[in-house]
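**Student:** coords please:
(one chain, ligands or ions: 1)
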Amino acid sequence: MKPILLVVGARPNFMKAASLVSAAREADLRTTLVHTGQHYDPELSRVFFDELELPEPDISLGIGSGTHASQTARIMLEFEPVLREIDPALFVGVGDVNSSLACSLVAIKEHYPVAHVEAGLRCRDPWMPEEVNRRLTDHLATLLFTTSRDADANLAAEGIPADRVHLVGNTMIDTLLRFRDAARARSVGDRFGLDGQPYAVLTLHRPANVDDVEQLADIMDSVRRVGELAPVVFPVHPRTRRQLEDERVLGRLESEGRVVLTEPLGYVDFIGLVDGARLVLTDSGGIQEETTVLGVPCLTLRTSTERPVTVTAGTNTVVGTDPDLIVAEATRVLFGERPATRVPELWDGRAGERIVAVIQRELAELGSPSARV
Ligand code: UD1
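**Tutor:** Modelled structure (predicted):
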């Protein structure tokens, strides 16, 4: 039996893939793992393999950073011969990073069927790189695994046949539920000298927020003001650190003392830090989902979200990037009631199992889902 080929490349892929890899192992579904190397710093990659017990990749492409065109093109060039060599029954891509799109494009052109995990999410911002990756990957896929009904509706509206779409839940949440207790036990907040006091957590790495220095300076101004209400722990993504250093904003925040800057954290530490927080400010996609399940209020520093269920069912509020609005919302959350939250349908820790069951059924029935391409 040919293997399925699972590709990961960047930090948010690793927690999604971990659940799939372990479900495939349980079900005796042979899997080959390829790491494109889009992320390569130990704290953005290695630590996740170790903590999440991901097996060593069978093949690492070692691509590294670059412009969108060069990164995407290099992934495609390196992946093509690897794909031919592995000759899988099915290619599986997760999420919306450049690696997901680049490898899906290679796979379909080589006539391998494509499965997309976390399909159908749309924020409707045509300039956001991940929105481009999502839309295109979904239209290359034969099997589309979704996390929520709004994603199913988006795919239907784009003309994707319903029999390709499977609502399975959320593999990122599978991993969260697996590690939640271990994360809680670490009391990560204490490590930052917070000693039981209410604190906020900030993450920021979207190009739209950090690449433009004026925009970043505005956001940092609101962060400093939030810091006057409660200490803010800020694990800084490399893209953001470079910008902060350039403009000396970093030094200003450090001297305030209420905004604690740190290197990116490992998975379990980060979940522990978020779980203990009174408030999270973020422009990440996955953190909107994780805070929903952990019941921690989240302010999303973007003008839209591709994960509306985190707003309608969960703890998320999309606030944008206006400093006064951010501070007003942060004040409301810090001094208000903790919101009622409902965990979205099927976010129960078993999405990976469901995906593997569908893949096995498809492979058994059709020989290969390519019969439907
Ligand atoms: C990528 C994903 C984004 C995801 C994020 C999570 C795309 C288009 N973007 O954004 O969806 O939310 O990962 O972190 O795929 N860098 C390092 N070390 C690394 C990797 C990157 O220092 O290991 C620096 C480099 O200067 C690089 C910059 O970060 O140029 C951006 O990296 P890149 O992978 O292109 O995009 P991210 O901003 O990380």
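**Student:** how about the strands in this structure?
**Tutor:** Counting by DSSP state E, the chain has strands at residues 4-8, 31-35, 59-60, 90-94, 114-119, 143-146, 165-167, 200-203, 232-235, 259-262, 279-282, 298-300, 316-318.
**Student:** Using JSON lines, lay out these together with distance to A157 and mean pLDDT.
**Tutor:** The C-beta positions use only the backbone N, C-alpha and C, and glycine is treated the same way. Formatted as JSON lines, these follow (distance: least, C-beta to C-beta, whole Å; pLDDT from 0 to 100):
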{"stretch": "strand 4-8", "distance to A157": "27", "mean pLDDT": "98"}
{"stretch": "strand 31-35", "distance to A157": "32", "mean pLDDT": "98"}
{"stretch": "strand 59-60", "distance to A157": "37", "mean pLDDT": "98"}
{"stretch": "strand 90-94", "distance to A157": "22", "mean pLDDT": "98"}
{"stretch": "strand 114-119", "distance to A157": "13", "mean pLDDT": "98"}
{"stretch": "strand 143-146", "distance to A157": "13", "mean pLDDT": "98"}
{"stretch": "strand 165-167", "distance to A157": "12", "mean pLDDT": "98"}
{"stretch": "strand 200-203", "distance to A157": "31", "mean pLDDT": "98"}
{"stretch": "strand 232-235", "distance to A157": "37", "mean pLDDT": "96"}
{"stretch": "strand 259-262", "distance to A157": "42", "mean pLDDT": "93"}
{"stretch": "strand 279-282", "distance to A157": "28", "mean pLDDT": "98"}
{"stretch": "strand 298-300", "distance to A157": "23", "mean pLDDT": "98"}
{"stretch": "strand 316-318", "distance to A157": "21", "mean pLDDT": "97"}
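**Student:** got those strands as TSV, with distance to V358 columns?
**Tutor:** Output for those, formatted as TSV (distance: least, C-beta to C-beta, whole Å):
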stretch	distance to V358
strand 4-8	12
strand 31-35	15
strand 59-60	25
strand 90-94	11
strand 114-119	9
strand 143-146	7
strand 165-167	5
strand 200-203	32
strand 232-235	35
strand 259-262	40
strand 279-282	31
strand 298-300	30
strand 316-318	28
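**Student:** Save those as a markdown table, and put in mean neighbour count and distance to the ligand too.
**Tutor:** Below are these laid out as a markdown table (neighbours: other C-beta atoms under 10 Å; distance: least, C-beta to the nearest ligand atom, whole Å):
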| stretch | mean neighbour count | distance to the ligand |
| --- | --- | --- |
| strand 4-8 | 28 | 12 |
| strand 31-35 | 22 | 12 |
| strand 59-60 | 16 | 13 |
| strand 90-94 | 27 | 12 |
| strand 114-119 | 28 | 11 |
| strand 143-146 | 26 | 18 |
| strand 165-167 | 19 | 22 |
| strand 200-203 | 26 | 9 |
| strand 232-235 | 23 | 11 |
| strand 259-262 | 18 | 15 |
| strand 279-282 | 25 | 11 |
| strand 298-300 | 26 | 13 |
| strand 316-318 | 21 | 16 |
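**Student:** Could you measure from D58 over to the ligand?
**Tutor:** Distance from D58 to the ligand, counting by C-beta to the nearest ligand atom, to the nearest Å: 20 Å.
**Student:** How about residues contacting the longest helix seen in the chain?
**Tutor:** The longest helix of the chain (DSSP state H) is helix 68-86. Helix 68-86 is contacted from outside by 3, 5, 7, 9, 32, 34, 36, 38, 59, 61-66, 91, 98-99, 101-103, 105-107, 110, 112, 129, using C-beta atoms under 8 Å, 6 or more residues apart in numbering.
**Student:** Understood, closing this out.
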